[in-house]
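Visitor: one predicted model, sequence on top.
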Amino acid sequence: TAAPIQKSLGGDFEIDLSALQVTAGLVDPDVFFLLQRLPGVNSPSTDANIYVRGGVPDQNLVLWNGNRLYHTTHAYGSLMAMNPYSIDQVRLITKGASSRFGDHTAGVLLLNNTPQWKNPTQIELGTNSIDSDLTADIGITKNDRLEISARKSFNSNFSNTFRETSFNRILLSNQSGTPNNQQLHYEDFSAVYHKKWGEEWNLKLSSFRSHDFSSYQLFGSEIELRDQVDSQNYGAGIQLVKATKDQVFQLGAHGSFFNALFERSEIEYELPEDEDDDEIEIDFKELNRRRNEVEDWRAYAQKQFITNTSQSLLGAELQFRRVEFENENQINDDVKTLKVNKASQWVPSLYAEQRFDFDQFYLEIGARSSYFNSVGRIRLEPRAKAVLRFNTSSSVHAHFESKSQSIYKITETLANSLDRYNNLWISANKDQYPLLLSNQTGAGYSLNKDKSTFEIDLYRKWYSGLTTYNYGYLDPNDQDFHEGTALIKG
C-alpha cells in the first residue's frame, strides 16, 4: 500500500486523502492544516491559510478540478472552503512549477476528483460540533459517475467555542469590550460528473459554491460598533481528455466568480458630565462599505507527447478577468469619500515544456509567454529543475522559476475588525497597481533510506511589485500607496 503522503521526483508533494481519513489534532482531514506540516509551508497565525516559501495566501494558485478558488477558507481561516471528504487527490508544488501554471508567484495547489469506476455507490453523512456534511459517489452506469458534496454550519451550544475562537482571532486582545450577537455561517457545495467513451476519451464537468457570512455587534457606554461580511465564490468547468499510449490531448474551459460585501458602522457617544443630564450626544460617527467582485474566465488546449525517457508539452491559454472594488466612507454625515476601481484584462499565453528521465538524471525545462493587456507588457518566464542521482537512495537537485501575477489582494487597513479578512482583489494596471513578479532559485540534497527521507533544500526568492496602503498606521500624513521589493531566503 502506498503512503498517503509522497514526494515526487521533481519535489512535488502528493497526498491521497482517501487513504488519510483521520489527521492527528484535527476534527476533519483538512487539507490546508495538513499542508502546514510539510517543509516549505507554514502559517504565522493559527488559521488554515498557507504561506509557501515566504509568499502570502493570495499569491498561491489554488485549483479545484481546474477551477480557480478565490475564497479558500471558511470562518476567517478556521477551515478550508471545500469539504475535504469530497476531494480525492491533492498536489502541492512549492518549487519548479510547470509552465502550464500561470498567474501566481508562490505555490500551486491542485485539488482533484478522480473517478473510481469499479467502486460501488457510496453515500456518507457526517456531523460534528460545528457543521454537518453529505458526500455521495454514485455509479450511474459503468461509464458514468457523479460525485456530490454539501456542507453547512449550524449554531448551537456546541459551536459556541468555535465561533468565539474565530472572532478572537480577528479582534485579538486589544479590543475594548466583548462582542455580542455574533453570527458565523458557512456552507459549500460541489458536484463532479465523469463520463468516459471507450478507452481513450474522458469528460469531467464540475461546479462549486462556497459562501460565508459573519457579523457581530459591540455595545458599550461610549461606543456602538457593528461589523458584517458576506462573501461567496462559485464557478463551473469542463475538461475533455483523450489519452493514448504515447499522447495526451486536453481541452478545458472554466469560470470562477467571487463577490464580497463588507459593512461597518461605528458610533462614539459623549457622556454628560452632569449626572442630572441624561442626554447623550453623538461625538463621532463613521460608516464604511466595501464591495469587491471578480469574474474569471479561462480556456486552454494542450497536447503531451510521451516516450520511454521523455515527455513534451505544448499548450495555449486565453484568460479574461473583470475586477471591481468600491470603498465608500462617510464620517459625521458630512465627510464622504468614494473610491471605485473597475478593470478588465485579457491574458493570452503560450507554454512549452520538455522532460527527460534517464537512469541517473532527470531534467525538466519549460517556458511560458504571456501578454498582459492591462499593463501592455509581454512576459517570458523560463522554468527548470534537475535531479542528479548518485544511487537509488541519494541525489542532488536544483531549480529555477520566473513567475508573474496580475491579480492579487491589497491590504488597506490594520484595524482589528472583519475588514482585516476582507482585503480587496485588484487587477494590475498602468496607473497604480503593478504586475507582481517573482524569481526563485534553489538547490538541495535528498537521502531516502528505510522508508524515511532526509532532505536539505536551500532557496532564494525575489519579489517586485509589492504594494501597501498606509491607512491604519500611526502616521496620519502618510496615507498613500507604496511599491517595493522583497528578498526571501530559506
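Guide: In hand now; what should we look at? Residues are numbered from 1 along each chain as shown.

Visitor: just the pLDDT at Ser129, thanks.
Guide: Looking at Ser129, its pLDDT reads 79.

Visitor: equivalent analysis for Asn422, please.
Guide: Confidence at Asn422, expressed as pLDDT, is 55.

Visitor: cool, and Asn233?
Guide: 97.

Visitor: now do the contacts for it.
Guide: By C-beta atoms under 8 Å, 6 or more residues apart in numbering, the contact set of Asn233 is Leu69, Tyr70, His71, Ala81, Phe208, Arg209, Ser210, Ser256, Phe257, Phe258. Any C-beta I mention is one placed from the backbone N, CA and C, and that applies to glycine too.

Visitor: so of these, which ones are in strands?
Guide: Counting by DSSP state E, the part of the contacts of Asn233 found in strands is Phe208, Arg209, Ser210, Ser256, Phe257, Phe258.

Visitor: so what's the residue count around Val62?
Guide: 24 (other C-beta atoms under 10 Å).

Visitor: where's it, which helix or strand?
Guide: For Val62, the host element (DSSP states H and E) is strand 61-64.

Visitor: equivalent analysis for Tyr234, please.
Guide: strand 223-243.

Visitor: surely Tyr76 is in a helix?
Guide: Yes - judged by DSSP: H, G, I helix; E, B strand; the rest coil, Tyr76 forms part of a helix.

Visitor: re the thing from before, identify the residues contacting the strand holding Val62?
Guide: Applying C-beta under 8 Å, 6+ apart, the contact partners of strand 61-64 are 68-69, 72, 82, 87, 101, 103-104, 107-112, 190, 206, 208.

Visitor: what mean pLDDT does stretch 109-123 have?
Guide: Averaging pLDDT along stretch 109-123 yields 92.

Visitor: how about low-confidence regions in the stretch 351-490 of the chain?
Guide: 411-422, 469-480 (pLDDT under 70).

Visitor: also the stretch 151-300 of the chain?
Guide: Using pLDDT under 70, the stretch 151-300 of the chain drops low at 156-180, 220-221, 271-280.

Visitor: and the helices in it?
Guide: Here the stretch 151-300 of the chain has its helices, by DSSP state H, counting those that start in this stretch, at 160-171.

Visitor: helix or strand right after the lengthiest strand in the chain?
Guide: Taking DSSP E as the criterion, the chain has its longest strand at strand 281-306. Elements were assigned by DSSP H and E; along the chain past strand 281-306, the next helix or strand is strand 310-331.

Visitor: that next one vs strand 281-306, what angle?
Guide: 170 degrees (axes from the mean of the first three to the mean of the last three C-alpha atoms, to 10 degrees).

Visitor: which SSE is immediately downstream of strand 310-331?
Guide: strand 335-357.

Visitor: what is that next one packed up against?
Guide: Counting contacts by 3 or more C-beta pairs under 8 Å, 6 or more residues apart in numbering; DSSP states H and E, strand 335-357 is packed against strand 310-331, strand 361-372, strand 424-427.

Visitor: those: which one's closest to Gln59?
Guide: For the helices and strands packed on strand 335-357, the distance to Gln59 is smallest for strand 424-427, at 12.2 Å, taking C-beta to C-beta.

Visitor: give the partner strands of the closest one in its sheet and their orientations.
Guide: Strand partners for strand 424-427, identified by DSSP bridges, are recorded as strand 407-410 (antiparallel).
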